[in-house]
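A.B. asks: Sequence and predicted structure below; questions after.
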Amino acid sequence: MSSAVLANLFSLKGKTSIVTGAEKGIGKAIARGLAAAGSNVVVAHYPKSDPSSTLKIIESYGRNAYSLPIDLSLKHNVEKMLPRALKIVPSIEILVNNAGIATMAPAENQSDDSWENVLAVDLLAPALLSRDFGRYLIKANSKGKIINVCSIHSFKNTPDAIPYFTAKGGLKNLTTVLAKEWRAKGINVNGIAPGFFTADILSNVPEEELKSLHDKSSVEKFGQTNELIGVAVFLASDASDYVTGTVIPVDSGWLTN
């Protein structure tokens, strides 16, 4: 195999991706990786956040970057997201369900609002977006890739974030079920299960709790978000055409503990 053939296998040139929660953290890293591989990117971000840094990074690779502000906790917003995106780009080939929130508290102290908000953003939004994206691809008779950013905690849980872990477990199951239903239609559905990363979802966790989390994690160091780019590009590209229904742990071996 020549280097040109190999490069083409992982190329996303001419494709457009939409990444939720792409203004920061893991979503920002994935958006950067997809752009570096050739994809134009729709940056779906929380309305009060600033996506400018992500947009500039995407454009620095010579790709088109588009801002799409959206509050994924509201169902009516989620159902409008794909139609809104298709008004600013001619087609979408890749959907990355990355946006996520978490509330840290013992199970008995988790409020109704915590449960509702976390499940809405972390599970219901990806489910509805995947449904709508699948319909769009099937109607267009087009191939496509869905990448769900799950969590290592969809395999193995730790205390004090039960709504988040419940949602991520559901997202893992959503990934495998959709893959089975849509594999004959040319739609690949896979997931990434990040371990302990220096992502913004941990930004509000007090330093003492972070240290405790690190000590309990049994990993030498927290991962950097750019260490997720390779697997994201693989799952978005033609290189993964024979891969579907798989959730790939990226966890420095944490699951082996």
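C.D. replies: That came through, no problem.
A.B. asks: Can you show me the CA trace of stretch 11-29 as CSV?
C.D. replies: Provided in CSV are the C-alpha atoms of stretch 11-29 (Å, rounded to 0.1, in the frame of the first residue of the first chain):
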residue,chain,number,x,y,z
SER,A,11,-8.9,11.7,4.4
LEU,A,12,-12.1,13.6,5.1
LYS,A,13,-11.6,16.0,2.2
GLY,A,14,-14.9,17.2,0.8
LYS,A,15,-16.9,16.1,3.8
THR,A,16,-18.7,18.1,6.4
SER,A,17,-19.0,17.2,10.1
ILE,A,18,-21.2,18.5,12.9
VAL,A,19,-19.7,18.3,16.4
THR,A,20,-21.8,19.2,19.5
GLY,A,21,-20.0,20.9,22.4
ALA,A,22,-17.2,21.8,20.0
GLU,A,23,-16.4,25.1,21.6
LYS,A,24,-14.1,23.5,24.2
GLY,A,25,-12.5,20.4,25.6
ILE,A,26,-12.9,17.1,23.9
GLY,A,27,-15.3,18.5,21.3
LYS,A,28,-12.8,21.2,20.3
ALA,A,29,-10.0,18.7,19.9
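A.B. asks: Now do it, average pLDDT.
C.D. replies: In this model, stretch 11-29 has an average pLDDT of 98.
A.B. asks: can you give me the offset of it from its chain's centre?
C.D. replies: Stretch 11-29 has its C-alpha centroid displaced from the chain centroid by 9 Å (Cα atoms, centre = their mean, to the nearest Å).
A.B. asks: Low-confidence ranges, the stretch 151-257 of the chain, go.
C.D. replies: 199-220 (pLDDT under 70).
A.B. asks: how about A36, what does it touch?
C.D. replies: Residues near A36 by Cβ atoms under 8 Å, 6 or more residues apart in numbering: 61, 229, 233. Every C-beta, even on glycine, is put in place using the N, C-alpha and C of the backbone.
A.B. asks: one more time with 10 Å, if that's ok
C.D. replies: For A36, the contacting residues are 12, 57-58, 60-61, 63, 229, 233, by Cβ atoms under 10 Å, 6 or more residues apart in numbering.
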